[in-house]
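S.K.: sequence and predicted structure are below.
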Amino acid sequence: MSVKIRLQRHGKKGKPFYWIVAADARAKRDGRFLEKLGTYNPNTNPATVNLDVDGAVKWLQNGAQPTDTAKTILSYKGAMLKNHLVGGVRKGALTEEQAEEKFQAWLEEKAGKVASKEENVARAKSEAKEKALEAEKAVNEARVAAAVEEAAPEVVEEEAAEEVVAEEAEEAAEEAAAPEVAEEVVPEVVAEEAAPEVAEEEAAEEKKEESAE
């Protein structure tokens, strides 16, 4: 029986979630399988992979062929490397201790790379969040400035209206004071105009008295 190590799709539409399975090559992709070896979630960054490395190596040693995607995942988790080391031990090129030592060294190096990638992703998210906050702040400041500019003409109109009212009040006050000034001036003018007539009457009376004498 030909065995394939492949992905079996689960999850929901738009967010797939995969099982890593060993299945008969003649079986349907999402049909029956011989053994579940792990899971693969591509919706996270980096992708989340859980794999039974020893189980995968056992199937590889028994002749199971991984699909291209499954092979990439097995390499990512070190199953392909361990299969190669086990083959070396079987041929006598390595001892089991040496093979295990090399595999553990590879796991540590891989863990460091994954941690570095996660750190970079977290930093990128933080920077993107800060930029988004700065952009939102700039938009809010622009809105406030626009609101102030829109309100400025109304303030100017109110100030101009106040100035007009003040000017009208001053003019009304001047007009109200004008008759009093006129009344004060008119009697003096009348008195000055009446003075020559009084003088003529007095002179005429004096002539009459002189002629009577």
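M.R.: Sure, I can see it. Numbering: from 1, shown residues only.
S.K.: tally of neighbours for E130?
M.R.: For E130, the count of nearby residues is 10 (other Cβ atoms under 10 Å). C-beta: built from backbone N, CA, C; applies to glycine.
S.K.: can I take it that it is in a helix?
M.R.: Yes. Remark: E130 belongs to a helix, assigned using DSSP: H, G, I helix; E, B strand; the rest coil.
S.K.: please tell me the pLDDT value assigned to it.
M.R.: E130 is assigned 85 on the pLDDT scale.
S.K.: quick check: the gap between it and E136.
M.R.: Here E130 is placed at a distance of 11 Å from E136 (Cβ to Cβ, to the nearest Å).
S.K.: which strand residues sit across from Q8 in the sheet?
M.R.: W19 (DSSP bridges).
S.K.: am I right that it is in contact with D30?
M.R.: Yes. Between Q8 and D30 a contact is recorded at 5.4 Å, counting by Cβ atoms under 8 Å.
S.K.: the more surrounded of those two?
M.R.: A direct count of neighbours by other Cβ under 10 Å for Q8 and D30 places Q8 higher, at 20 against 13.
S.K.: how much space between the residue nearest to the spatial centre of the chain and A124?
M.R.: The centroid of the chain falls nearest to A132 when counting by Cα atoms, centre = their mean (3.1 Å). Distance, A132 to A124, using Cβ to Cβ: 12 Å.
S.K.: L60 too?
M.R.: Taken as Cβ to Cβ, the span from L60 to A124 is 36 Å.
S.K.: neighbour count winner among the two?
M.R.: L60 (23 against 11).
S.K.: show me what whichever strand or helix holds the more buried one packs onto, helices and strands only.
M.R.: L60 belongs to helix 53-61 when assigned by DSSP states H and E. Judged by 3 or more Cβ pairs under 8 Å, 6 or more residues apart in numbering; DSSP states H and E, helix 53-61 is in contact with strand 3-12, strand 35-41, helix 79-91.
S.K.: A23: how many residues sit nearby?
M.R.: Neighbour tally, A23, other Cβ under 10 Å: 22.
S.K.: ok, it - contacts?
M.R.: 3-4, 6, 8, 31-34 (Cβ atoms under 8 Å, 6 or more residues apart in numbering).
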